[in-house]
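Visitor: Sequence first, predicted coordinates after that:
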Amino acid sequence: MSEFWYTEKQTPNIGITLKISDIIHSEESEFQKVDVIETNQFGTMLVLDGMVMTTDKDEFVYHEMISHVAMNTHPNPKKVLVVGGGDGGAIREIIKYPSVVKAVLAEIDGRVIEVSKKYLPDIAAGLADPRVDVQVIDGIKHVQDLKDEYDIILVDSTEPIGPAEGLFAKTFYQSIYESLKEDGIMVAQTESPFFNNDLITRVFKDIESLFPITKLYLAHIPTYPSGVWSFTMGSKKYDPLQVPQEQLKTTNTKYYTPEIHKSVFALPKFVADLLK
């Protein structure tokens, strides 16, 4: 009996290979190749331009960790922006907070949104919430146009190539700073400390040059390159390590906990050295 396998070459020297049972969907959108694959180990998987974006089984780690650390650091987040994140997972986590009045999704590729709604409904479920404003727009231009608008901005981007390349630029972080309110917080996904050393160093220094409080934290995501993933937070006022314990909430999460909130900032030495 034939077996079918999917391989993503994560670097020129390493890849991840998964046994698959079906290719559910495949198309070329205006911006990228969009595939949905059924895998034996991780369930349904969204792939953009040959890169794993999310899967049924491990998506909760990424979506909880890009969202809840900032949402619990800010004492009263009301208006939140997600740049990218067309699968809807970060939005799903944001709207768990009753304080949120409006959550804006700025995704440049509308096909990612529609494909996620159809084939990853549990991840995209939050997009139907009446507090969510889904906009198929360029997130870079969106933050350039709006000043002093958001409490929290999350940069839920793909890899730093193609349509997402500008989401790792200092000019973009400057626009985010200006689009945040006077006590705003941003979080960006910043790739693997094993494979993206130069990017992590550059992005951290760029954000550190703009925000008085800048910190990097880690989470473990098995389908992402190396399985160890970084997020960089820039905060105008609130320090995630100084949040009162009673402010930390566990809103129906599977990975994030009040203990995780602070422990993820304890970095291995080789990662801490990237930030010097």
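Guide: Arrived safely, thanks for sending.
Visitor: can you map out the helices along the stretch 1-150 of the chain?
Guide: 59-73, 89-94, 110-119, 121-124, 139-145 (DSSP state H, counting those that start in this stretch).
Visitor: how about a markdown table for those, with mean neighbour count and mean pLDDT added?
Guide: For glycine as for every other residue, the C-beta is placed from the backbone atoms N, C-alpha and C. What follows is those, written out as a markdown table (neighbours: other Cβ atoms under 10 Å; pLDDT from 0 to 100):
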| stretch | mean neighbour count | mean pLDDT |
| --- | --- | --- |
| helix 59-73 | 25 | 98 |
| helix 89-94 | 28 | 98 |
| helix 110-119 | 19 | 98 |
| helix 121-124 | 18 | 98 |
| helix 139-145 | 19 | 95 |
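Visitor: between those helices, which gets nearest to Tyr238?
Guide: Smallest distance to Tyr238 across the helices of the stretch 1-150 of the chain (Cβ to Cβ): 5.0 Å, for helix 59-73.
Visitor: Just the CA atoms of that closest one, as CSV, please.
Guide: Output of helix 59-73 as CSV, limited to C-alpha atoms (Å, rounded to 0.1, in the frame of the first residue of the first chain):
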residue,chain,number,x,y,z
GLU,A,59,-2.0,25.4,17.2
PHE,A,60,-3.1,26.2,20.8
VAL,A,61,0.5,26.8,21.9
TYR,A,62,1.2,29.5,19.3
HIS,A,63,-2.1,31.2,19.5
GLU,A,64,-2.3,31.3,23.3
MET,A,65,1.3,32.5,23.7
ILE,A,66,1.2,35.3,21.1
SER,A,67,-2.0,36.5,22.8
HIS,A,68,-2.3,35.9,26.5
VAL,A,69,1.0,37.2,27.7
ALA,A,70,0.2,40.7,26.4
MET,A,71,-3.5,40.5,27.2
ASN,A,72,-2.7,39.7,30.8
THR,A,73,0.1,42.3,31.0
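Visitor: which other helices and strands contact it?
Guide: Applying 3 or more Cβ pairs under 8 Å, 6 or more residues apart in numbering; DSSP states H and E, one finds that helix 59-73 makes contact with helix 89-94, strand 150-156, strand 180-189, strand 213-220, strand 228-235, helix 258-263.
Visitor: Tell me how far that helix lies from the chain's centre.
Guide: 8 Å (Cα atoms, centre = their mean, to the nearest Å).
Visitor: Direction-wise, compare it with strand 150-156 and give the angle.
Guide: 160 degrees (axes from the mean of the first three to the mean of the last three Cα atoms, to 10 degrees).
Visitor: between helix 59-73 and strand 180-189, how many degrees?
Guide: 160 degrees.
Visitor: Out of the helices of the stretch 1-150 of the chain, which is closest to Thr171?
Guide: helix 139-145 (8.5 Å).
Visitor: who touches that closest one?
Guide: 81, 83-84, 104, 106-108, 135, 153, 155, 166-167, 172, 175-176, 178-179 (Cβ atoms under 8 Å, 6 or more residues apart in numbering).
Visitor: one more time with 10 Å
Guide: Contacts of helix 139-145 with the rest of the structure, by Cβ atoms under 10 Å, 6 or more residues apart in numbering, involve 81-85, 104-108, 135, 137-138, 149-150, 153, 155-157, 163-164, 166-167, 169, 171-180, 186.
Visitor: Just want the most central residue of the chain.
Guide: Asp156 (3.3 Å; Cα atoms, centre = their mean).
Visitor: Report the separation between that residue and Pro268.
Guide: For Asp156, the distance to Pro268 (Cβ to Cβ, to the nearest Å) stands at 24 Å.
Visitor: Then Pro212?
Guide: 25 Å.
Visitor: now do Tyr217
Guide: 12 Å.
Visitor: For the two, work out which one has more neighbours and name it.
Guide: Neighbours per residue, other Cβ atoms under 10 Å: of Tyr217 and Pro268, the larger number sits with Tyr217, 23 against 10.
Visitor: Distance-wise, check the more buried one relative to Arg202.
Guide: Distance from Tyr217 to Arg202, by Cβ to Cβ: 18 Å.
Visitor: How about Ser226?
Guide: 19 Å.
Visitor: same deal with Pro121?
Guide: Taken as Cβ to Cβ, the span from Pro121 to Arg202 is 37 Å.
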